[in-house]
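Peer 1: Turn this into a model:
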Amino acid sequence: MCIISSLSANCRRNHKWKRHLSGIEHHKAVNLYHIQQQKTRFWIIISGILLLLSTAGLVIFSLRGTMDFFRTPSEITEDDMRWKTRIRLGGYVKEGMIKRAGTGVRFHIADLQNCIEVYFNGVLPDLFREGQGVIAEGFFDENGVFMAVRVLAKHDEKYAPKVFQ
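Peer 2: You can find the predicted model right below:
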């Protein structure tokens, strides 16, 4: 008499084992077979979920360095100033606060509540002017001045090259 755990692959494939088992043994064998299928299905689902979670984790981990959002002056914390963390500071150039000295430029980036002094040593974009939206990338020095490494100027929808104006 065949028992479900010792059936050969050929015997199971041809379903000949059903003939060898009595009614009660057949019922037990079928139940064992279904339980084994449920366990296999469970582990396949768990493996799939783990694979999806690990893939999502790797994607988020690899993109964390490229996701750069700017912060307004109101969102800057003491930790940002203390740890010299490289951040992007965004806002508007405050009116009357641009001071040039050689290749260096001091200006203030403001939002509706706060204002932060910025120093940039380099060539500013053509669209840089008072009241214009800018994003400055850099860090804070010991005195609380934002040392910009790069300045990006924002333009409005009405922008057109000088040729067409």
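Peer 1: show me where this structure has helices.
Peer 2: Assigned by DSSP state H, the helices in the chain fall at 9-13, 17-20, 23-63, 78-82.
Peer 1: Can I get these in a markdown table including distance to Leu152 and mean neighbour count?
Peer 2: All C-beta atoms are positioned from the backbone trio N, CA, C, and that covers glycine. Shown next, in a markdown table, are these (distance: least, C-beta to C-beta, whole Å; neighbours: other C-beta atoms under 10 Å):
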| stretch | distance to Leu152 | mean neighbour count |
| --- | --- | --- |
| helix 9-13 | 67 | 11 |
| helix 17-20 | 74 | 14 |
| helix 23-63 | 21 | 11 |
| helix 78-82 | 19 | 13 |
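Peer 1: Those helices into CSV, with extra columns for mean pLDDT and distance to Ile116?
Peer 2: Shown next, in CSV, are the helices of the chain (pLDDT from 0 to 100; distance: least, C-beta to C-beta, whole Å):
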stretch, mean pLDDT, distance to Ile116
helix 9-13, 51, 74
helix 17-20, 53, 80
helix 23-63, 87, 28
helix 78-82, 79, 10
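Peer 1: wait, which of the ones you listed is closest to Pro125?
Peer 2: Of all the helices of the chain, helix 78-82 sits nearest to Pro125, with 24.0 Å by C-beta to C-beta.
Peer 1: Could you report the pLDDT at Asn14?
Peer 2: Among the per-residue scores, Asn14 shows a pLDDT of 51.
Peer 1: could we number from 17 for the rest of this?
Peer 2: Shifting the count to begin at 17 puts that one at Asn30.
Peer 1: List the beta-bridge partners for the closest residue to Arg102 other than its chain neighbours.
Peer 2: Leaving aside its sequence neighbours, Arg102 sits nearest to Phe155 (C-beta to C-beta, 6 or more residues apart in numbering; 5.2 Å). With DSSP bridges as the criterion, Phe155 is bridged to Met163.
Peer 1: quick one: Phe155 and Ile103 touch, right?
Peer 2: Yes: Phe155 lies in contact with Ile103 (C-beta atoms under 8 Å); the separation is 7.0 Å.
Peer 1: of these two, who's got more company?
Peer 2: Ile103 (20 against 16; other C-beta atoms under 10 Å).
Peer 1: In the sheet, which residues pair with the more buried one? Tell me.
Peer 2: Gly154.
Peer 1: how far away is it from Lys170?
Peer 2: Using C-beta to C-beta, to the nearest Å, we find Ile103 at a distance of 17 Å from Lys170.
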